[in-house]
Every structure is written in structure tokens, then in C-alpha cells.
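Asks: take a look and give me a structure for this.
(chains A and B)
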Amino acid sequence: MSSPEPILEMRGISKTFPGVRALSDVQLTIYPGEIHALMGENGAGKSTLMKVLAGAYQADPGGEIRIDGKPVTIDGPLAAKAHGIAIIYQELALAPNLTVAENIHLGMEISRHGMIDRQAMAEACSEVLKRLGATFGPRTLVADLSIAERQLVEIARAVHARSRILVMDEPTTALSSRETDRLFALVRQLRAEGLAIIYISHRMAEVYELSDRVSVLRDGTYVGTLGRDEIRPDTIVRMMVGRDLSSFYKKDHTAGVRNAPVLEVRNVGDGTRVRGCSFTLHAGEVLGLAGLVGAGRTELARLIYGADRRTSGEIVVGGRPVDIRRPQDAIDAGLVYLTEDRKAQGLFLDMTVAENLNLGVIGRDARAGVLNRSKARWRAERAIKSLAIRVASPEVTVGSLSGGNQQKVLLSRLLETEPRVLILDEPTRGVDIGAKSEIYRIIDQLAKSGVGVLVISSELPEIVGIADRVLVMREGEIAGEVGGDTGLAITQENIIALATGVDRALMAAE
Amino acid sequence: MSAAEEAALATHRRIMLQGLVRTVGMLPVLVILCILIHLLTIYVAGEGRFLTAQNLSIVAQQASINTVLAAGMTFVILTGGIDLSVGSILAASAMIAVIASQDFGNLGVPAAMATGLFFGLVNGALIAFVRLPPFIVTLGSLTAVRGIARLLGNDTTVFNPELPFAFIGNGSLVLVPGVIAIPWLAVIAMAVILASWFILRRTVLGVHIYAVGGNADAARLSGIKVWAVLLFVYAVSGLLAGLGGVMSAARLYAANGLQLGQSYELDAIAAVILGGTSFVGGIGSIWGTLIGALIIAVLSNGLILLGVSDIWQFIIKGLVIIGAVALDRFRLQGSART
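Replies: Residues are numbered from 1 along each chain as shown, chains lettered A, B, ... in the order given. From the prediction side, this is the model:
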């Protein structure tokens, strides 16, 4: 089905960020008229590779990009566009306050005598919209469209710009199953028209149904490409995972699976992104919460913590039902939450280490609302010592610290409240390797001291390395559990199988 | 000493220096301004008229009302908000103070402050509970409360020549008879600054104010009652505007709903910004605000002493505010956001 001449060849692409090698000698070959799936775990380098293709990033010298066999330089988004490359990101890049026609023509408006010609623009895109099966007209305001319709506008924009290579990054994340079917039909139609489509997705079923070939990335390297006949979920999973467990995962605590429950979550949901989630966390247990990005893990954690409004379910902490309506209720019950975005939602970057670290307990330590400064200083010094936070003084602002030390400051703010339940959302994101292993050590120590720890992580080796039991979420629900009494081993394969919805029988057959 | 330790020490020194620069803030500008104006009065009038006990007492008096308003404004701006209504609230409170004093004497003082507190609470409730933007809410109350102030006196000037608390506006606290006397207005302003400092730096509430201004999302997630903090700061701003109304009425034995307090909010905001408080919230100090208010008062007083016309006073004041903040920005490049 592939024609002999590739439309796009990327060879030897590397991309280094300060301190991180995001891509290393990656290759990708795409033929016209094919749907080529690009797969890999979170952080495998898919987005980085596509950003290189889009001109958003410059690859390190040494790599080569060929289009129609000719070497090209893509030094910016305009160059990418000129070469016929269009990318539809997960976060759609449309101006909601403009009409469909205006969005399709964004940056290439039709004008007459220096005045914008809306009539001509509307006519120009009504044909494209019709061909793509749109049920709305070119003069509709984008704000009035659904997510699926907006996606169609983006596709129309790409088609209208005569793009020949279309990259779609997780296009179905926000779509219903009927909308997904319609999108698939459209993607196949574009393929029939000779476009090359690079399809990034986590969902095995989609990839299996849609793609002609699959390329897999892992840890920023190219693992391989499978042809249509070789595409099998278990093979892909193995290609995506296949790495050794690093030795730095500490597990000194004895798995507290059989201890008394410290947190019972029953049928918790918000009506949309999280539905009917139930689980139990025991004292001294490290419970992993895995799932793909967008599966609803953070949303579930925020519901439990009272950061977002819960529409159903109940929460029992330490055997006592607690009506958690706001974070303060959770904190009072001994349940604390470490946000996944420490800069935007966790730390006060302009405030000092000591202030940040004491924030959760200043109310408790205060006498008649007046700060207890000696207690605060004592706590700061103790935390800096016990968590090995590297700072010149407790009085420096948190914004000046490295990611790992910032994370430890945030963690110690939670620990100062002496919680019974700790929910850690991506505790090692953006943290260097040394701080990572220290954070694992801290988690291990906490479990040893009887705290129940729920760890949300997108890094599978991390989850496998530190958790006693793992819950896996898929599309807002808890899809299953591995470890503990389930009889299923905590392996990356088992977790991915649950997270992507691959039939377990298929996995076992291999 | 290892290289790492040296680097840590260097960082430590840099941070300490930045802290010092931030604390001292605009003080050098104030000092230079005082000396410059004094020298200019010598040049223009043949004798130094600025740095005299009598004139400094006048400056302190002139600075006091703005200092009180600016203290309230500091609370608000530290949370990332703004209160445009303080001038109007001051006018309404002054009207209440004078009107109430005609029948109830000294009760005019608490009545005026309660008025200010009430309007502040209304602002705060709309911002904290209805979640309207502070700029819009207080722009609305700037206009509405001005109308109320005019309504209170049927759009006339209200007098009370027997005002029982007039000493506040015109008397002094005599420390050493004949030598040191501090105007009561200045004493009140200083007390407000000290109380503000205490709340901001020594109480849980103060930390929460900085936290809400620094990162409202994080504040909410840490269990801080963001609504309570917002309600508090606008209430304080209103209360202090009410106090400003008392001070103003005490000075004049009268109040006029139309003219009193016009554009006072701008002077208060200017004082806060001159004091180095960040407009986006989370950074700033009450001492900076005091210095900012003094700069404005010194400038007004000095220009009058020098016989500069009213029109040029406006132009020069505006330019000095912009210049001083630009200078500050330049000095703290990279480390501060205004």
C-alpha cells in the first residue's frame, strides 16, 4: 500500500535541552497515503519529535529532514507550513472569538484594496468544509462549536493550506465514541486523498484499527517500526516498555496491604471526567495510581482532597466518614495532597523557604493569631536537615531553588501537618535523578511509619519500583488493579494493558 | 573551602544584598529629595525653609491622610487587587462624621469608621463571593459611593464649628512643651503603619495575605480561606478610608460630598507603588508605603515652598512617580516584578 517514494524522512534527529537529552538519534519515515501511528510512553519523546518537525524546536546539528527526498531546513513554523506540514495539537489552536472562515484563513487573509474580504474567504472555505462533511457554515463563530467540530476546523485549515503531512496529537482524547468514529472516517478519507497522517495516540485499540504502520519511541530513542501485518498490541507494549528497572527504587517497608484502612474512597465522581471510583488505602501502604495522561488520575485526587467539587461518593479517613468540601476539610482530617504542578499550584515562589514550609501549620503554632517565630524557625531547620534540602538559609526565596529542592520544600510543608494520608501527584516530575531517589527514600520512610501513601505517576518504572499495589485508571474509571491480592504481578505490561484497554487474554496468549 | 561552599556563600550574599535593597527601597530617593528641596529653597529664598521643625510638622500632617489610605491600599495590592473607591468612601465617611457630630458629638468618629468598614465589606463581598474583578467593583463603588456622599448632605457642605474631635485634625501631641509636638494626624498615621506592620509580618493572617497575592491557586490548595483574606483586605481598606474621613473632617470642621477626597485613591496607589509593592501582589512592605507617601508629601510641600505653580506641580509629581519607579525597576532588574 505504500508508494516507493517516502514523503518525509527524518534521520539522526537529536534534541538536547539543558541537562536533558529528549531525543537521541531518532528516525522516522512516512509515505504519502498512509496513517502512521507514533507511540511511546509519556515522556518518550513523541511530542518533542513532532515539535522539531513543526519548527517549534530546532534539532541538534547532525540530523536530517528530507521531504520528497530533498533535504530541507525547518527553522520555524512558517517553514514547516511552506513544506506542507500541519500539526493539530491536543490543545486546539483556534481563536474562539473569530468565525470558522477567519480561523481557516488566519495568517493568510484574503484582502481587496487592503480591506479584508470576508465574502471571498467564506466562499473559499465552504467548499473544503463541505468536502470534509461539516454541518456548520464558514460564518459560524468557533466559540459556538463543539470540540469535535473545532477539530474539524483545524483539519479544514490544514487541507485548505494544501498540507501534505498532517500530524494529529491525541485527537480523540476529548471526543465521544460517535465523534471518534466520524473522525476516523475523515482520517481515512484524507489518506485516500494522498495525505500522509502521523497519528499520535496512547489508545491501543485506535492504533490497531486505524494505522498502516506504527513507530515506537522509548526514552527519546527510536525502537522500531511495525508494518500492518506485524501490528500486535503485545508487541507494541513490549517495545514501549522494554527497559530494566533502575536499582534506586527503595522498598524497606513491609507492604501494608493487610493493615487497617486509612482512606476509603467509595463511588467518587464529578459527573464528567471521573466516574464511580472506589478503592481502599491501608496504613503503611504505598498505593500506585497509574493510567495514561487524561485518564482522570489528577482529577480523582483533587476530588478526594476537596479541591474540586464532587458530585457523588463518600470518603472515609481513618474509619470515620469525612465530608470534604474544601482542602481545609481534608487537611483537618489528616489527608494532604501534593500537586503535580508545584510552581503554579504549590509553592509561593516569592516567599522564603521557611515561610513556604510552615504555611500549613502556622495556624496551629500561633497564639491568638500571632506567629510563633521560634517554632517556625525550628521546624524549618528540622525539615531542611531531615529531608536534606540544599539551601543557603531558610530565608532564601523558594523561587531560587532547584526543582528537586523546591519539591522537597513543598513535601515538607505537607509533612509538617503530620498527615495520615498523603496523595503525591507526580512527585518526581522535573526533579533530577539524585533528588528522585531521595524522594523515593522519603516515601518509603513514610510508609514505614504507618502513613498511607497514594502515588500518582506517569513513569511506569517508578510506579512498579515503589508501589505495593497499583490501581489503573482509564477514561475516568478505575479499570483494574495489580499487585496485592489480585494475583497479577506489578509489571509495566500488566499496567499498560489495563491503561490502554488491551484484552488481557491477548496478552496472556503471547 | 570547597567550590560548592563558596558558590553557596556567594548566593547567600547576593540574596542578602537583594533583601537589603528591597528593604531600603525608596529611602535614598526620599533623602535626596529632602536635601535637594532644602538647597533649592536656600537658592530661591535665601534661607533654608524646608528642613525646619515647623515645616516638617506640616509635611507630616499633610502626609498623614494619604498614609492611612495607602496603608489600606497596601493590604489590597498585596493580594493582587486594587481599591479605587477609597476617595469616595473617605468623603462619605467624613459627611457621616460631621453630620453625626452635630447631634451625637464624639460618636461621629465610630459612625464614620463604621461607614467606611461597611463600604469596604461590600467591596470585599462582591470580590470574594461573587468573584467580580476588583478593578470593576471598586470603579463602580468609586462612582456610587461618591453619589451617596453627595446625597448625605443634600449636595451641600456640612459644618460643625463645635466639632468635638477637631483636636485630631489641628492639635498636637506635646512631648516636650515648646520643643517637640507631633500633630495628632501624624500620630494616627504612624499608629496605622505600626498596626499594619504587625498584622502583615507577625500574624498568620499576614502570611496568608502574602500567600494569596503570591499564588492564589496554591493558597486555596493549602487550605487558606482565600475568601476570608479578600474580605479582610477590602474591609481594612474601607475602615482606613473611614478613618481618613474622620481625620479630614476633624481638620476642616466640615465635609463636602462632592469635593472631598477627589482622586485620593490615585495618591494612595502612587504611594504603594513608590514603596516597591508589586502590582501583581505578593511582594511589598508597609514601610515602603510609608516612604512612598512621604515622597509624595515632600514633593507637594517642596514645590509649594519653591513657588511652583499648581499646574507644574501636577506635571512634576507625575514624572517623579514614573521616574522613581523606573529607577527602582532598573536597580532590582531581574529580581523584582512591579
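
Asks: from here on, contacts and neighbour counts on C-alpha atoms
Replies: Noted.

Asks: for stretch B:219-227, give me every contacting residue.
Replies: Residues outside stretch B:219-227 that contact it (CA atoms under 8 Å, 6 or more residues apart in numbering or on different chains) are A:307, A:326-329, A:331, A:345-346, A:359-360, B:128-129, B:208, B:211-212, B:216.

Asks: among these, name the ones in helices.
Replies: Among the contacts of stretch B:219-227, DSSP state H puts A:327-329, A:331, B:128, B:208, B:211-212, B:216 in helices.

Asks: state the mean pLDDT of stretch B:282-292.
Replies: Rounded to a whole number, the mean pLDDT of stretch B:282-292 is 93.

Asks: who touches it?
Replies: Residues outside stretch B:282-292 that contact it (CA under 8 Å, 6+ apart): A:350, B:23-27, B:30, B:67, B:70-71, B:74, B:78-80, B:193, B:196-197, B:209-215, B:270-278.

Asks: again with stretch A:328-346
Replies: Defining contact as CA under 8 Å, 6+ apart, one finds that stretch A:328-346 is touched by A:298, A:301-302, A:305-306, A:317, A:322-324, A:349, A:406-407, A:410-411, A:414, A:417-427, A:429, B:215, B:217-219, B:221-224.

Asks: write the PyMOL selection for whichever of those residues are buried.
Replies: Command for PyMOL, covering only those of the contacts of stretch A:328-346 found buried under the criterion 16 or more other CA atoms under 10 Å in any protein chain shown:
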select buried, (chain A and resi 298+301+302+305+306+317+324+349+406+407+410+411+414+417+418+419+420+421+422+423+424+425+426+427+429) or (chain B and resi 215+217+218+219+221+222+223+224)
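
Asks: restricted to helices, list the contacts of stretch A:328-346.
Replies: Residues of the contacts of stretch A:328-346 located in helices (DSSP H): A:298, A:301-302, A:305, A:406-407, A:410-411, A:414, B:217-219, B:221.

Asks: that older thread, so how do I select the buried members of the contacts of stretch B:219-227 in PyMOL?
Replies: To isolate the buried ones among the contacts of stretch B:219-227 in PyMOL, judged by 16+ other CA under 10 Å, type:
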select buried, (chain A and resi 307+326+327+328+329+331+345+346+359+360) or (chain B and resi 128+208+211+212+216)
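
Asks: point me to the residue of the stretch 351-500 of chain A nearest chain B.
Replies: Closest to chain B within the stretch 351-500 of chain A is A:Val370: 4.2 Å, counting by CA to the nearest CA.

Asks: burial count for the nearest residue to that residue once chain neighbours are set aside?
Replies: Counting by CA to CA, 6 or more residues apart in numbering or on different chains, B:Thr203 is the residue found nearest to A:Val370 once chain neighbours are left out, at 4.2 Å. For B:Thr203, the number of neighbouring residues by other CA atoms under 10 Å in any protein chain shown comes to 21.

Asks: can you tell me the SS state at A:Arg258?
Replies: The three-state label given to A:Arg258 by DSSP: H, G, I helix; E, B strand; the rest coil is coil.

Asks: which bits of chain A sit near chain B?
Replies: Where chain A comes near chain B, counting by CA under 8 Å from any CA of the partner chain, the residues are A:307, A:326-329, A:331, A:344-351, A:355, A:359-360, A:362-363, A:366, A:369-371, A:391-393, A:396.

Asks: off-centre distance for stretch B:66-81?
Replies: Here the centre of stretch B:66-81 is set off from its chain's centre by 6 Å, with CA atoms, centre = their mean, to the nearest Å.

Asks: who's in contact with the closest residue to B:Arg201 other than its chain neighbours?
Replies: Excluding the flanking residues, the one nearest B:Arg201 by CA to CA, 6+ apart is B:Val207, at 7.0 Å. Neighbouring residues of B:Val207 by CA under 8 Å, 6+ apart: A:355, A:359, B:200-201.

Asks: now do A:Gly45
Replies: Contact partners of A:Gly45, counting by CA under 8 Å, 6+ apart, are A:22-23, A:217-221.

Asks: wait, which of the residues you listed is closest to chain B?
Replies: Checking the contacts of A:Gly45 against chain B with CA to the nearest CA, the nearest one is A:Ala22 at 28.0 Å.

Asks: okay, now that closest one: neighbour count?
Replies: Counted with other CA under 10 Å, A:Ala22 comes out at 20.

Asks: looks like it contacts A:Arg218 (just checking).
Replies: No - contact criterion CA atoms under 8 Å: A:Ala22 and A:Arg218 do not qualify, at 10.3 Å.

Asks: pLDDT weak spots in the chain?
Replies: With no chain named, the answer covers chain A. Chain A contains residues with pLDDT under 70 at A:1-4, A:18-20, A:42-43, A:242-248, A:250, A:256-257, A:432-433, A:503-510.

Asks: hm, I was asking about chain B
Replies: Filtered on pLDDT under 70, chain B yields the residue ranges B:1-23, B:328, B:331-338.

Asks: and if we set it to 80?
Replies: Counting by pLDDT under 80, chain B has low-confidence residues at B:1-25, B:178-179, B:324-325, B:327-338.

Asks: helix or strand for A:Val453, which one?
Replies: strand A:452-456 (DSSP states H and E).

Asks: so in that sheet, which strands flank that strand, and in what orientation?
Replies: strand A:286-291 (parallel), strand A:421-425 (parallel) (DSSP bridges).

Asks: in chain A, which residue is most central in space?
Replies: The centre of chain A sits closest to A:Val293, judged by CA atoms, centre = their mean, with a distance of 3.6 Å.

Asks: isn't it up against A:Glu459?
Replies: No - look at A:Val293 against A:Glu459 with CA under 8 Å: they stay out of range, at 10.8 Å.

Asks: distance check, the residue located most distally from the centre of chain A against chain B.
Replies: Largest separation from the mean C-alpha position in chain A: A:His113, at 47.0 Å (CA atoms, centre = their mean). Going from A:His113 to chain B by CA to the nearest CA, to the nearest Å gives 40 Å.

Asks: follow-up on the earlier one: give me the common contacts of A:Ala22 and A:Arg218.
Replies: A:44-45.

Asks: spit out the contact partners of the residue nearest the centre of chain B.
Replies: Nearest to the geometric centre of chain B sits B:Ala70, at 1.3 Å (CA atoms, centre = their mean). Contacts for B:Ala70 (CA under 8 Å, 6+ apart) come out as B:267-269, B:271-272, B:289-290, B:293.

Asks: part of a strand, is B:Trp197?
Replies: No - assigned with three-state DSSP, B:Trp197 falls outside any strand and is helix.

Asks: tell me how many other residues surround the residue of the stretch 351-500 of chain A closest to chain B.
Replies: For A:Val370, using other CA under 10 Å, the count is 18.

Asks: could you dump stretch A:126-144 to CSV, C-alpha only?
Replies: What follows is stretch A:126-144, C-alpha atoms only, in CSV (Å, rounded to 0.1, in the frame of the first residue of the first chain):
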residue,chain,number,x,y,z
SER,A,126,-17.2,26.5,2.3
GLU,A,127,-16.1,24.0,-0.4
VAL,A,128,-13.5,22.5,1.9
LEU,A,129,-15.9,22.3,4.8
LYS,A,130,-18.5,20.6,2.6
ARG,A,131,-15.9,18.1,1.4
LEU,A,132,-15.0,17.2,5.0
GLY,A,133,-18.6,16.7,5.9
ALA,A,134,-19.0,19.7,8.1
THR,A,135,-22.5,20.5,9.3
PHE,A,136,-21.7,24.1,10.1
GLY,A,137,-21.0,27.1,7.8
PRO,A,138,-17.9,29.2,7.3
ARG,A,139,-19.5,32.2,9.1
THR,A,140,-20.2,30.3,12.4
LEU,A,141,-18.3,31.5,15.4
VAL,A,142,-15.8,29.0,16.6
ALA,A,143,-16.9,29.6,20.2
ASP,A,144,-20.3,28.0,19.3
